[in-house]
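>>> here you go, sequence then predicted model.
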Amino acid sequence: MAYQVNISDAALLDAEEYVEFLRQEKGAAQAAERWFRGLVSAIYSLEEMPLRCPTIPEADAFPFQLRHLIYHSHRIVFRLDQPRKTVTVLRVYHGSRRRLRGQDVTWE
């Protein structure tokens with residue numbers, strides 16, 4: 001059975017900021033569009049077998065388990081709710097940024 005994938009506002013903002021960076025700073029509008037289409041595809045690949053993704057290295061900083069899927073230079077950080085069969089993407093975090101901290105992720 002497939003999982004339902006939800007994307008948080010913070011994750012959408014992360015993706016939008018990177019697309020804008022590619023467009024404005026790098027002058028790479030086509031690359032930005034390809035990156036975004038690939039990101040969406042990677043996120044929705046979590047509908048099937050999200051457990052294939054490892055827990056994040058910073059797991060001790062969070063009161064629940066977070067996993068990540070690597071997509072180019074970014075980590076798609078998500079929470080898996082197996083009983084409800086949902087995946088919630090919390091951040092699309094660039095790999096060169098500092099380690100993810102508790103205040104970087106909001107949850108309900």
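Arrived safely.
>>> so where does the spatially most central residue of the chain fall, helix or strand?
Closest to where the C-alpha atoms of the chain average out (C-alpha atoms, centre = their mean) is I76, at 2.2 Å. Take DSSP states H and E as the rule and I76 turns out to sit in strand 74-81.
>>> pretty sure V87 is in contact with M49, am I right?
No: applying C-beta atoms under 8 Å as the test, V87 and M49 come out as separate, 10.5 Å apart. In short, each C-beta sits where N, CA and C put it, glycine included.
>>> okay, these two: which has more neighbours?
With neighbours defined as other C-beta atoms under 10 Å, V87 and M49 compare such that V87 has more, 25 against 10.
>>> I'd guess the more buried one is in a strand, am I close?
Yes: the assignment for V87 (DSSP: H, G, I helix; E, B strand; the rest coil) places it in a strand.
>>> pLDDT weak spots in the chain?
Within the chain, the stretches with pLDDT under 70 are 98, 100-104, 106-108.
>>> what about the helices in it?
Per DSSP state H, the chain carries helices over the ranges 9-24, 29-44.
>>> any chance of the ones you listed in a markdown table, plus mean neighbour count and distance to Q82?
Converted to a markdown table, these look like this (neighbours: other C-beta atoms under 10 Å; distance: least, C-beta to C-beta, whole Å):
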| stretch | mean neighbour count | distance to Q82 |
| --- | --- | --- |
| helix 9-24 | 15 | 20 |
| helix 29-44 | 14 | 18 |
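>>> out of the ones you listed, which comes closest to R91?
helix 9-24 (5.4 Å; C-beta to C-beta).
>>> phi and psi next, for the residue located most distally from the centre of the chain.
Distance from the centre of the chain peaks at G27, with 24.0 Å (C-alpha atoms, centre = their mean). Main-chain torsions, G27, degrees, to the nearest 10: phi 60, psi 40.
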